[in-house]
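**Student:** Sequence plus predicted model, see below.
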Amino acid sequence: MHRFSSSGFLAAVLVLLLVAVAGDATADDPSGISGTQIAASAGLKIDGSVRTPQIITVEDIRDLPATRVNVAYQTKQGEATASFTGVLLWTLLDRAGGIDEAESRAEIRHTLKITGRDGYAVALSVGEIDPKLAAEPAIIAYLRDDQALDSGEALRLVMPWDRHATRNVRDVVRIEVKE
């Protein structure tokens, strides 16, 4: 009778898990372009349930109509304030052709997954960024206090109503629309 060692079994399970995760990464990304590659090329991938999936460069984003928001949020050191300039998240969704569904009010059923280069991601309801429904705009910022963002950070999701900035995503590389 052959006996399995627990460490050998765990090693085999780990290898299978790593292979499965690597396979999932390519299955989720039919373009074959990873988030890291997008960040390195200073672009933003917009995909999922949109009519025109695309990669948009930071320069193209800067050419779109700018929106400026003033924010105040809590940090460990107390309240911080800043002014961010960027483009409405809604504008970027519109540039990608909007939601790829003809049904009325489809935006209410969809979510956005906004992901940073470091893997940090947040989910938003598309209704939260719809100018007809949202109280304040969500933007993809490229300036903070009229200066470039921190070194290595091309774009940032800014949610002005988030009092703790927990849904602000640094170095955004992907916006994915999901049903």
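**Tutor:** Arrived safely. What you are looking at is a predicted structure, and each value in this text was computed from that prediction instead of being measured.
**Student:** buried ones in the helix or strand hosting residue 123?
**Tutor:** Taking DSSP states H and E as the definition, one finds residue 123 inside strand 121-125. For strand 121-125, the neighbour count (16 or more other Cβ atoms under 10 Å) marks 121, 122, 124 as buried. C-beta coordinates here come from the backbone N, C-alpha and C atoms, glycine included.
**Student:** How about the last one: what's its closest non-neighbour residue?
**Tutor:** Spatial nearest neighbour of residue 124, chain neighbours left out: residue 112 (4.7 Å); criterion: Cβ to Cβ, 6 or more residues apart in numbering.
**Student:** Which element, helix or strand, includes the residue most central in space within the chain?
**Tutor:** Closest residue to the average C-alpha location of the chain: residue 114 at 1.9 Å, with Cα atoms, centre = their mean. Assigned by DSSP H and E, residue 114 belongs to strand 111-116.
**Student:** quick one on the thing from earlier: where does the residue nearest to the centre of the chain land on pLDDT?
**Tutor:** For residue 114, the pLDDT comes out at 97.
**Student:** need the contact list for the closest residue to residue 55 other than its chain neighbours.
**Tutor:** Residue nearest to residue 55 in three dimensions, not counting chain neighbours: residue 43, with 4.5 Å by Cβ to Cβ, 6+ apart. Each residue near residue 43 by Cβ atoms under 8 Å, 6 or more residues apart in numbering is listed here: 55, 56, 57, 58, 173.
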